[in-house]
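[1] give me a 3D structure for the following:
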Amino acid sequence: MSTIRLARAAIHNVSIERGRELTDPEMEDIVGHEINRRREAIDAYAKGGRDDLAQKESLELAILSEYLPPPLLEAELRALVDEAVAHAGAKGLQDMGRVMGVLMPKVRSRAPGALVSRLVREALGAGS
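    Sure, this is the predicted structure:
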């Protein structure tokens, strides 16, 4: 229950900050940010030998993950990367920003940014 309360509070605070109701994608971004915070905390607690706190954060991460669309499979993500590269008319790594600009709104919280970046680099490197 406390995990849901924290997520709702984060959404509420951003809504107040922006002075309007948030859209579903904006709320997904906030939940995704909360998930990333839990992942970082898990790593820090595990390195510090605090397995009890790491386990607590893992449970919270699992709860928050239920409120996001299912993650994209790598094959689905590769197809979206190829589509974004074609749409942006990208020819090499210098076009990575344009490709990411086309791609990120489509994948949002459904794929880790590091994975998206790696796949875009691979697609652009192979096309050079």
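[2] how about the helices in this structure?
    Taking DSSP state H as the test, the helices found in the chain are 2-18, 24-47, 51-65, 74-88, 96-107, 113-127.
[3] and those helices as CSV, adding mean pLDDT and mean neighbour count?
    Bear in mind the C-beta positions are built from the backbone N, C-alpha and C, glycine included. Shown next, in CSV, are these (pLDDT from 0 to 100; neighbours: other C-beta atoms under 10 Å):
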stretch, mean pLDDT, mean neighbour count
helix 2-18, 95, 13
helix 24-47, 92, 16
helix 51-65, 95, 16
helix 74-88, 94, 16
helix 96-107, 91, 17
helix 113-127, 86, 15
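[4] find the residue at the geometric middle of the chain.
    Closest residue to the average C-alpha location of the chain: residue 109 at 3.6 Å, with C-alpha atoms, centre = their mean.
[5] that one contacts residue 69, doesn't it?
    Yes - using C-beta atoms under 8 Å, residue 109 is in contact with residue 69, at 7.3 Å.
[6] name the residues contacting each of these two.
    Common contact partners of residue 109 and residue 69 (C-beta atoms under 8 Å, 6 or more residues apart in numbering): residue 28.
[7] just give the nearest non-adjacent residue to residue 98, would you?
    Spatial nearest neighbour of residue 98, excluding adjacent residues (C-beta to C-beta, 6 or more residues apart in numbering): residue 88 at 4.3 Å.
[8] residues touching that neighbour, list them.
    Each residue near residue 88 by C-beta under 8 Å, 6+ apart is listed here: 95, 98, 99, 101, 102.
[9] if we use 7 Å, what do you get?
    Contacts for residue 88 (C-beta atoms under 7 Å, 6 or more residues apart in numbering) come out as 95, 98, 99, 102.
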